[in-house]
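> mind looking at a prediction? Sequence and model below.
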Amino acid sequence: MAYKIKSGEEDQVLKHLDHREKVLKIFLFKKYNFFNDGYTIHKVKVYSDIPGESSNPKVLLNNAIVYIGKEDNPSFGGPLDITTISKTVAFNVGPSGTNLEYFLNLFEALKSKSPHALDNHLVQLHSAVMDLVKSSKDQS
């Protein structure tokens with residue numbers, strides 16, 4: 001999934017994203033190297049994800065920006081079980097708000113716009129998160 005930034009709003013949106021993703025920009029050798037807390041920025045091609053087009057996918061964007069948290073990121077949790085991940089999603093808050101709100105918005109967007117992109121892990125995580133949220137509400 002990709003989002004198009006309105007013309008003229010690029011700098012403002014990218015500053016917001018860089019803050020949210022805690023990215024530090026350092027000018028080095030006439031190229032920007034982006035890093036902080038293990039996140040890096042990459043420019044990538046975005047391809048059509050329409051089922052059946054996998055043999056010759058259409059390039060939709062040539063220079064999309066993606067933030068990637070690498071394994072050497074101090075915040076990288078490593079391979080964790082669904083229960084541990086679901087607790088982090090259900091109850092933790094970051095600089096942009098609750099992990100729960102972010103996750104539910106992402107899940108619903110994928111479900112409505114790209115249902116074939118929902119994998120078993122994401123569906124299991126959604127179920128575990130919703131169980132925790134319901135259990136938490138029942139206890140209060």
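Received the coordinates, thanks. Numbers count the residues shown, from 1 in each chain.

> how many neighbours does Lys111 have?
Burial of Lys111 is recorded as 14 neighbouring residues (other Cβ atoms under 10 Å). C-beta coordinates here come from the backbone N, C-alpha and C atoms, glycine included.

> give me the element it is part of.
helix 99-113 (DSSP states H and E).

> in that helix, what's buried?
Asn99, Leu100, Phe103, Leu104, Phe107, Leu110 (16 or more other Cβ atoms under 10 Å).

> same for it, what does it pack against?
When contacts are defined as 3 or more Cβ pairs under 8 Å, 6 or more residues apart in numbering; DSSP states H and E, helix 99-113 packs onto helix 82-91, helix 120-139.

> just those helices: most buried one?
Compared across these, helix 82-91 shows the largest average neighbour count, a mean of 16 (mean count of other Cβ atoms under 10 Å).

> got the domain ranges for this structure?
1-74, 79-140 (automatic domain parsing).

> need the helix or strand of this structure with the lowest average pLDDT.
Lowest by mean pLDDT, DSSP states H and E among the helices and strands of the chain is strand 24-28, with a mean of 42.

> confirm Tyr3 sits in a helix?
No: under DSSP: H, G, I helix; E, B strand; the rest coil, Tyr3 sits outside any helix and is assigned coil.

> so where's this protein shaky on pLDDT?
The chain contains residues with pLDDT under 70 at 22-38, 51, 53-54, 75, 95.

> packing partners of the top strand by length along the chain?
Longest strand in the chain, counting residues (DSSP state E): strand 59-69. Secondary-structure packing of strand 59-69 (3+ Cβ pairs under 8 Å, 6+ apart): helix 10-20, strand 39-47.

> can I get the ones you listed in CSV including mean neighbour count and distance to Asp138?
Formatted as CSV, the helices and strands packed on strand 59-69 follow (neighbours: other Cβ atoms under 10 Å; distance: least, Cβ to Cβ, whole Å):
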stretch, mean neighbour count, distance to Asp138
helix 10-20, 13, 32
strand 39-47, 14, 36
